[in-house]
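**Student:** give me a model of this one.
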Amino acid sequence: MFFKRDKDKEKELKNVSFKEEDYTDLTREEVEALAASKAADLRDKDKKLMEDQEKERKKEEKNKKVRRYLEFAAIILFILLLLARCSVLPVPEPIKDIVDFGFENTVDTDDIVHENDEEPNDPRYSSLIMSMNYMPVFENGLAKGNLNIENDPRSVFAQYIEIYLEDAEGNPETLIYKSDLIDIGQTLLEDTLDVNLPAGKYPCTAYFNAVLVERDEEGNILEQSYAGTGGANITIIVLNTKGTPVEID
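**Tutor:** Got it, this is the predicted structure:
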């Protein structure tokens, strides 16, 4: 028995891709089976297309996450480099003038503090005010001593201080103390040495390292640059020996 054309059925099979002559000799059951097969193929293709689109979407989301991570890592790296630039300061250069506290505590020479190009007419940029206890006393080599380091409010520089033991000829030799950055107007009353010294009286040279600091409106440090160094003779007194002190020649 041959299949008779049915217009309603043809409308149902409109989207199925095969020609009329392909099914004129088929039974109704065979045509329906073929149509179901074609429809299944279309569904499989649609499913595969959707799966491919979903994979592409997930891939794009992953790429976005990677890009965001790389951007974040780049920002962190920039901040770390900026902090490293701000925190690394050079070793003090040899200087010509060493002053004695009690007689003079201001060094005024371009050999020590270089004039700032932006303020050529401001004498504060060509001088460094140094102020500290010229004979700090420590109960022992591990205790705090009365350094009384002051960064004068009139100064335009932040400072960090380094103290060196002098050798037999009076030349600075061994670093025994280095302070943090002391801002303008701040005072460091007391601190411990970086080296445990035995009881004794020690001639030393204190280096005052001038640092020009640039800040934003909120007071955060944007940049700091080394401006110069001044030096002063001091004497450190350690009253008692404690623990295992270093050997002093």
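**Student:** domain map for this protein?
**Tutor:** As recorded under automatic domain parsing, the domains making up the chain are 7-68, 98-240.
**Student:** check the offset of stretch 146-160 from the chain's centre.
**Tutor:** Relative to its parent chain, stretch 146-160 has a centroid offset of 26 Å by CA atoms, centre = their mean, to the nearest Å.
**Student:** ok, residues contacting it?
**Tutor:** 89, 113, 116, 119, 122, 124-125, 128-129, 131-133, 136-137, 161, 178-191, 208-213, 224, 227 (CB atoms under 8 Å, 6 or more residues apart in numbering). To be clear about C-beta, it is placed using only N, CA and C from the backbone, and glycine gets the same treatment.
**Student:** returning to what we had before: tell me the most buried of the domains of the chain?
**Tutor:** Across the domains of the chain, averaging neighbours per residue (mean count of other CB atoms under 10 Å) puts domain 98-240 on top, at a mean of 16.
**Student:** for that one, what does the pLDDT average out to?
**Tutor:** For domain 98-240, the mean per-residue pLDDT is 83.
**Student:** quick one: which helix or strand includes R68?
**Tutor:** helix 28-87 (DSSP states H and E).
**Student:** how confident is the prediction for I95, by pLDDT?
**Tutor:** For I95, the pLDDT comes out at 40.
**Student:** to clarify, my last question referred to K4.
**Tutor:** Per-residue pLDDT puts K4 at 48.
**Student:** now do D8
**Tutor:** 54.
**Student:** redo the domains of the chain as CSV? Include distance to L77.
**Tutor:** Formatted as CSV, the domains of the chain follow (distance: least, CB to CB, whole Å):
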stretch, distance to L77
domain 7-68, 15
domain 98-240, 18
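**Student:** elements contacting the longest strand along the chain?
**Tutor:** Longest strand in the chain, counting residues (DSSP state E): strand 221-240. Judged by 3 or more CB pairs under 8 Å, 6 or more residues apart in numbering; DSSP states H and E, the packing partners of strand 221-240 are helix 28-87, strand 98-100, strand 137-140, strand 158-166, strand 200-215.
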